[in-house]
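> Curious how this folds, go ahead:
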Amino acid sequence: MIQKKKKLLIFGHYGLPNWGDEAILDGMLKLINEDKWDVTAVSPFPENIMRDHGIPSVPPPPCGIRSYLKGFLAPGKWLSTRSAIRDADYVIFGGGGLFQEQPKRALAIWCSYLQRCRSFGKRILIIGNSIGPFLSQASAEKTARLFRSIPFFSVRDHRSQEALIKMGVPELRISLSTDPAMALPQKRREWKKRKGILISLRREDLSEDETKHVQSFVKYCKGKKIPVEFLSMQTRGSRDDLLGRILAIPVTIPGSLDELREKIVSSKLLLGNRLHAIILSLLSETPFLAISSRPKMMDFLKSCGLSEFSLSKIPSRVLLSNKADSLLKKRAVLQSRLRSVARKEKKKLGSLFPDFF
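Residues are numbered from 1 along each chain as shown. Prediction:
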């Protein structure tokens, strides 16, 4: 007798595309048994979800006056979402820094979605997340009240584990795992076939001085005849591409996750403050220098033992250049270490989902 598949609904920041979030979803789908689960994602761009992941999607629930007004103007808009939540056997809030306050409205939005799923009596799992930081005690307490009824959390760093325990979540419900994108296959490329430096920076996280230091670094690289290219991780709602134009270097806007990964594995060094640019560098054995503009970067690197390859900010062009030169000189040892760390992180994927998955 053929066992009927269970229905799984995944909430996340998918379909924009922001290639970091697409890597998270792709990684989760690689770990979910398609013979047991029918998977639907929540996304405002269903055509992107079907194209990039091959699964159906429904639009996000209304959250705020503007989205409710859209619902009144198009009464059937949210029916598919309501049905997907109602029919789901499990709902996953999957990966990334969903429950934190950067940007400002993020926490309110995700807590609203979480509360809506709870109102349907759904079984909810928080998978592969970073938790916090919270800007106020009130925000932490509000989130804690929603979290206490959730039976399973997997987090990608120690600080998030400690944050959940402080919020009153029983330790037995928390699994210290890794980022879901670590389920993607490792990629390798001979060093002699690699060239140049990739820059993947979120412009809004850089100060004016830091932007000037990066400009000076680019000039330094050009003076040494080192090719430099800007890699855009997000094609909507981001000013990253503008930074590439300010730096006066070629800008690559990938059309797929595979295209993005090919660009990373073909490079000798990546400078970035986007977490998944760094995670994909780890999987590609591409030396990197991470700028921890947001806590999730340092939290993840600390948890996997690579925090020395991170700067909290860019203090000067000279320091940036010295760090880059040092990493390139030690690249053979560094690549071996990245390979080893990637293998260890992949072993943690066994604790990303509950055992019944």
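> Quick one: residues contacting Val169.
Taking Cβ atoms under 8 Å, 6 or more residues apart in numbering as the criterion, Val169 is in contact with Ala144, Phe147, Arg148, Ile150, Phe153. The C-beta positions use only the backbone N, C-alpha and C, and glycine is treated the same way.
> Doesn't it lie inside a strand?
No - counting by DSSP: H, G, I helix; E, B strand; the rest coil, Val169 is located in no strand; its state is coil.
> From Arg116, how far off is it?
21 Å (Cβ to Cβ, to the nearest Å).
> And the helices in this structure?
Under the criterion DSSP state H, helices of the chain are mapped to 19-31, 46-53, 65-73, 79-87, 106-119, 137-147, 158-166, 208-223, 240-246, 257-265, 275-284, 295-303, 317-329, 331-347.
> Low-confidence regions, the stretch 201-350 of the chain specifically.
236-239 (pLDDT under 70).
> out of everything not next to it in sequence, what's closest to Pro60?
Val42 (5.5 Å; Cβ to Cβ, 6 or more residues apart in numbering).
> so the one you found bridges to which residues?
Val58 (DSSP bridges).
> need the longest strand for this structure.
Assignment by DSSP state E gives strand 90-99 as the longest strand of the chain.
> Can you dump the C-alpha atoms of that strand in PDB for me?
The C-alpha trace of strand 90-99 is given here as PDB (Å, rounded to 0.1, in the frame of the first residue of the first chain):
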ATOM      1  CA  TYR A  90       3.700  20.700   9.500                       C
ATOM      2  CA  VAL A  91       4.700  24.300   9.000                       C
ATOM      3  CA  ILE A  92       8.400  25.200   8.900                       C
ATOM      4  CA  PHE A  93       9.900  28.600   9.500                       C
ATOM      5  CA  GLY A  94      13.000  27.800   7.600                       C
ATOM      6  CA  GLY A  95      16.400  29.300   7.900                       C
ATOM      7  CA  GLY A  96      18.000  32.600   8.000                       C
ATOM      8  CA  GLY A  97      17.800  35.400  10.600                       C
ATOM      9  CA  LEU A  98      14.000  35.600  10.500                       C
ATOM     10  CA  PHE A  99      13.400  36.300  14.200                       C
END
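> ok, residues contacting it?
6-13, 20-21, 24-25, 27-28, 85, 106-107, 110-111, 113-114, 117, 122-132, 143, 179-181, 294, 296.
> Would you give the sheet partners of it, along with the direction of each?
Strand 90-99 is paired, per DSSP bridges, with strand 6-11 (parallel), strand 124-131 (parallel).
> for those strands, which one sits closest to Glu204?
Ranking the strands paired with strand 90-99 by proximity to Glu204 (Cβ to Cβ) places strand 124-131 first, at 18.8 Å.
> the inter-axis angle of that closest one versus helix 19-31?
Interaxial angle of strand 124-131 relative to helix 19-31 (axes from the mean of the first three to the mean of the last three Cα atoms, to 10 degrees): 140 degrees.
> re the thing from before, in contact with the residue nearest to Pro60, which residues?
Leu9, Ile10, Phe11, Gly12, Tyr14, Ser57, Val58, Pro59, Pro60, Thr81, Ala84, Tyr113.
> cool, Leu260 as well?
Trp19, Leu231, Met233, Pro254, Leu280.
> Where does pLDDT dip in the stretch 51-200 of the chain?
64-76.
> Looking at the contacts of Val169, state which has the most neighbours.
Phe153 (22 neighbours; other Cβ atoms under 10 Å).
> So what pairs up with that residue in the strands?
According to DSSP bridges, beta-bridge pairing links Phe153 with Ile126, Ile174.
> quick revisit: dump the helices of the chain into TSV; add distance to Pro354 as well.
Below are the helices of the chain laid out as TSV (distance: least, Cβ to Cβ, whole Å):
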stretch	distance to Pro354
helix 19-31	12
helix 46-53	22
helix 65-73	32
helix 79-87	20
helix 106-119	17
helix 137-147	16
helix 158-166	16
helix 208-223	42
helix 240-246	36
helix 257-265	26
helix 275-284	23
helix 295-303	21
helix 317-329	39
helix 331-347	17
